[in-house]
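Participant: sequence plus predicted model, see below.
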Amino acid sequence: MEKIYNALTDIVGSGYVSKEPEELFFYSRDQGTSEPKIPDFVVMPRTTQEIQRIVLLANKEKLPIIPMGGSLTLSGLCIPHRKGVVLDLKRMDSILEVNETSRYVLVEPGVSQGALQSYLAIKHPELMHSIPDAPPANTIAGNILIHGSGHLSQETGFHTEMLNGLEVVLPTGEICKTGSGSISPKWFARAPLPDLTGLFLGWFGTTGVVTKLSIRLYPKPLKKDVMMFVTENPDHIPDIIYRVTGTKMAEDVNLFAQPKPDWAEGFQQTVINITGDSEEEMSFKRRLIRKSVEHYIKSKEGGFMLVLPQLKPAMKEAPLRELTRFADMMKGGGFEYVGGIIPTESFPQAYYDTLEIAEKYRPKWSIMCRVIGRGHAMMFAYSWPFNRADAKDVEMSRKALFESNISSLKNGGVIWKSELEGQRMMMEKMDPNTLNLLQKIKRTLDPNGIMNPGNWEVV
Amino acid sequence: MYELKFDEKMCAVCETCDCLVRCPYLNLDLEHAKKEVEKLIQGDNSMVLTECVTCYSCEEYCPYGNHPFYRIVELQESQDIYPAPKPIMNQQIKSMSPVGKGKVEELKDPVISLCAFPEAKKALRGDLFQNPNNYFGRDYFCNLMYLHFARSSIIKERLPRIIENIWKQKLNKSESKELICYHDECYATYTSWAPAYGIEVPFKPIHFYEYLYNRIRASMENITPIDAKVAYQRPCSNRLIPEQQHWVDDIFELLGAQRVKREYDREDALCCGGILRMQGRDDLAHDLQVKNLEDMEAAGVDYCVFNCPFCSYTLSEMVKERNIKPIMMIDLCTLSWND
């Protein structure tokens, strides 16, 4: 181990490698319920070439590598399940290029959401990227590579659909590019080449270390408003989503349901964000959205709540800071949720399942959904905060999360950014040929099995 | 339970049916109005029950004080007619239910009820007010807003307890046993609605404007005249207590503010549209708001003055867009006060 430590020091410099227990402690865990696992080392490389050298060393030493951005997946995807070296990529935090005309930005993997958001606000105020509802320290790369979603996803899909290409260090050490960046100096599209980018999306770092990403930027509107549609019957939701998204007027559509505060219990709140460049445009959009759900208003089954002016700023934020309040509801710093990517029509059953699970294990629960695409899917978050200092509380959350996974799959969905247990459940259900293909790709790209082992592994 | 003091015979012999003929939204002629009044007397299904926008105007228009609006609300509820979508109604009912956490406080006079508007607390500052005692919270909420949702039953259920809470927890040390009501709606609850249902109110409600007027009048040397043209957005609940309207003019006079003559003011005031939007009647709300604001603009006003926070939430942004300054009455007074 000393030999490996010295080799890593030689690559990144002594200030950027550690085997000290107090530092490894932080890299052994995340905010979720996964058991902590202490790595052998943590390194913070600055360049693609340093990463390449680390990967070559890891192959030689059969040392697991765990790429890490903000480590905010909550589901243990950056926890070193088989020890090894955690590759903390946050030093690679350069915003390399903004192309205003073709609207893309090329970033390194350590660039955070907050850093890009601020950079664009100052340097390119007419442009924005799609922002997830996660702490600003969340990295662009981390979110995209797990098929994240954000405030533009209702219009443009998962964040992976906004990706133009990557630079990657393969598990065998080669550096390669995908998308137009592999042919052109411009990183503006993935099509029409064979789409190699997909080999690195949703794989949880098992197929390589991403060292550059090009993501699409979008025009930033001048105005933003929020409308809140309230219902008492979750069975109405798929139709409401269908109608609202069918207007093509909303920027973002989210749903919330929770038992607290007490007036919220039993209601579903569909929060619709609209944007525009003029009041005329905004009025037009509001009118069309209202008209789309007129049937529910007339039958008195749903209605638009007056959103108080003092509450609107918080509701219009991206990211939504208010969500962090719920995350720490148990005042113990523990939070994890199952993000089921479900077909829109599965919302009611997923909702009822959540209530059932809450009844069994957790008095405090929350449902948060984001509509992806024009109602093509929903990210249904079964959310369970817990007190990390209370082992029983942690265990109850684990059980709730386990049953949430079952609910997602039972309702025809797929578990997003799943922890190992959920991955196993999905692989058990998976088409055998698909599973074989998945394993084949992993073995081909990572013959020594060094990349974030444990993930997408058939036992 | 409490019964509305509604005199059917009085309505039956009414020649003018002012309640419906003068309604700004129904557009009924006398003949049609008489037919609908008959239905309301009999408790039948009248188009009034579904078309009513709940602006409270008919309470003011009725020359006999026979509570036509309260009658409409009773019938709406008994016939399961919902002015607003049920989830909105139910959420509002839940959100303001008493929580049983009221505290006994030894408050000396003057005692001001801020009802459900804690934001008004910070406006009660400076020498103009000299830190009057005040309180707010769900355990003291007047509940009258449920008239907009056709839920007299909720008010009947909660109000006696609310009155008891105020009496025992907030006015126990008051010498005058007077309660200054910040909002027209609270004052109207205790002086109009409660008596209409035979609910006893042991304290003496004082309209906030009466209190304001007396405070200002007692210290006129501290007033710098505002010298501005103002429009007043009359809240719907003031229709239940029209005898209190004069305080608005009296205060403006003290402040040197000129209340402009305009079409949609006083008895012809328009609803702010907030409740209409909650009911899902956005087109009507929009039309009213445009008419109202164009009226203010044509009159060349500098300020649009509110008393009701809900009216203010609904209209302030639109008012600003027309280069008119939205302001609460309490802030207008503070503006002219030399601290």
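Facilitator: Sure thing, it's come through. Numbering: from 1, shown residues only, chains lettered A, B, ... in the order given.
Participant: would you mind listing what in chain B touches chain A?
Facilitator: B:82, B:84-88, B:90-91, B:94-95, B:97, B:119, B:274, B:277-280, B:282, B:313-314, B:316-317, B:321 (CB under 8 Å from any CB of the partner chain). In this view, the C-beta of every residue, glycine as well, is placed from N, C-alpha and C.
Participant: and A:I367, what helix or strand is that in?
Facilitator: strand A:366-372 (DSSP states H and E).
Participant: identify the bridge partners of whichever residue of chain A sits closest to chain B.
Facilitator: In chain A, the residue that lies nearest chain B is A:G303 (2.9 Å; CB to the nearest CB). With DSSP bridges as the criterion, A:G303 is bridged to A:V230.
Participant: from memory it sits against B:N90, does it?
Facilitator: No. Counting by CB atoms under 8 Å, A:G303 does not reach B:N90; the two are 10.3 Å apart.
Participant: these two: who's more crowded?
Facilitator: Shown here are A:G303 and B:N90; by other CB atoms under 10 Å in any protein chain shown, A:G303 has more neighbours (25 against 18).
Participant: need the contact list for that one.
Facilitator: A:F229, A:V230, A:Y296, A:I297, B:A84, B:P85, B:P87, B:I88, B:M278, B:Q279, B:G280 (CB atoms under 8 Å, 6 or more residues apart in numbering or on different chains).
Participant: ditto for B:I88
Facilitator: The contact partners of B:I88, taken as CB under 8 Å, 6+ apart, are A:V230, A:G303, A:F304, A:M305, B:F149, B:M278.
Participant: next, the buried residues of the helix or strand of chain A with the lowest mean pLDDT.
Facilitator: Between all helices and strands in chain A, the lowest mean by mean pLDDT, DSSP states H and E belongs to helix A:322-327, at a mean of 76. The neighbour-count check on helix A:322-327 (16 or more other CB atoms under 10 Å in any protein chain shown) flags A:L323, A:F326, A:A327 as buried.
Participant: just give the nearest non-adjacent residue to the second one, would you?
Facilitator: Looking back up the chat, that one is A:F326. Nearest residue to A:F326 in three dimensions, chain neighbours excluded: A:S366, at 5.3 Å (CB to CB, 6 or more residues apart in numbering or on different chains).
Participant: tally of neighbours for the one you found?
Facilitator: A:S366 has 23 nearby residues by other CB under 10 Å.
Participant: ok, it touching A:P261?
Facilitator: No. With contact defined as CB under 8 Å, A:S366 does not count as touching A:P261 (11.9 Å).
Participant: wait, which of the contacts of A:G303 is closest to B:E178?
Facilitator: B:M278 (33.1 Å; CB to CB).
Participant: what sits against that closest one?
Facilitator: Contacts of B:M278 by CB under 8 Å, 6+ apart are A:G303, A:F304, A:M305, A:L306, B:A84, B:I88, B:H148.
Participant: at 7 Å what do you get?
Facilitator: Neighbour list for B:M278: A:G303, A:L306, B:A84, B:I88 [criterion: CB atoms under 7 Å, 6 or more residues apart in numbering or on different chains].
Participant: cool, A:N387 as well?
Facilitator: Going by CB under 7 Å, 6+ apart, the list of residues near A:N387 reads A:M330, A:K331, A:G332, A:G334, A:D393.
Participant: buried residues in the helix or strand encompassing A:L437, which are they?
Facilitator: Of the helices and strands defined by DSSP H and E, A:L437 is found in helix A:432-445. Across helix A:432-445, burial judged by 16+ other CB under 10 Å covers A:L435, A:L438, A:I441, A:K442, A:L445.
Participant: mind checking pLDDT for the second one?
Facilitator: Yep, that's A:L438 we're talking about. For A:L438, the pLDDT comes out at 96.
Participant: stretch A:231-243 vs chain B: in contact?
Facilitator: Yes. Stretch A:231-243 is in contact with chain B by CB under 7 Å from any CB of the partner chain, via A:T231, A:E232.
Participant: find the residue at the geometric middle of the chain.
Facilitator: Here I'm looking at chain A. A:G148 (3.2 Å; CA atoms, centre = their mean).
Participant: correction: the question concerned chain B.
Facilitator: Note: chain B centre (CA atoms, centre = their mean) maps to B:S237, 2.2 Å.
Participant: and it, helix, strand or coil?
Facilitator: helix (DSSP: H, G, I helix; E, B strand; the rest coil).
Participant: wait, it sits on B:E185?
Facilitator: Yes. Using CB atoms under 7 Å, B:S237 is in contact with B:E185, at 3.9 Å.
Participant: now for those two: what residues contact both?
Facilitator: B:L144.
Participant: my read is A:Q31 is in a helix, agree?
Facilitator: No. With three-state DSSP as the criterion, A:Q31 is assigned coil and is not in a helix.
Participant: which residues touch the helix holding A:L437?
Facilitator: A:L170, A:P171, A:L199, A:T206, A:T207, A:G208, A:M427, A:W456, A:V458.
Participant: in ChimeraX, how would I select the buried members of those?
Facilitator: Only the buried entries of these go into this ChimeraX selection, using 16+ other CB under 10 Å:
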select /A:170,171,199,206,207,208,427,456
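Participant: that older thread, for the residue nearest to the centre of chain A, what are its contacts?
Facilitator: The contact partners of A:G148, by CB under 7 Å, 6+ apart, come to A:P132, A:H159.
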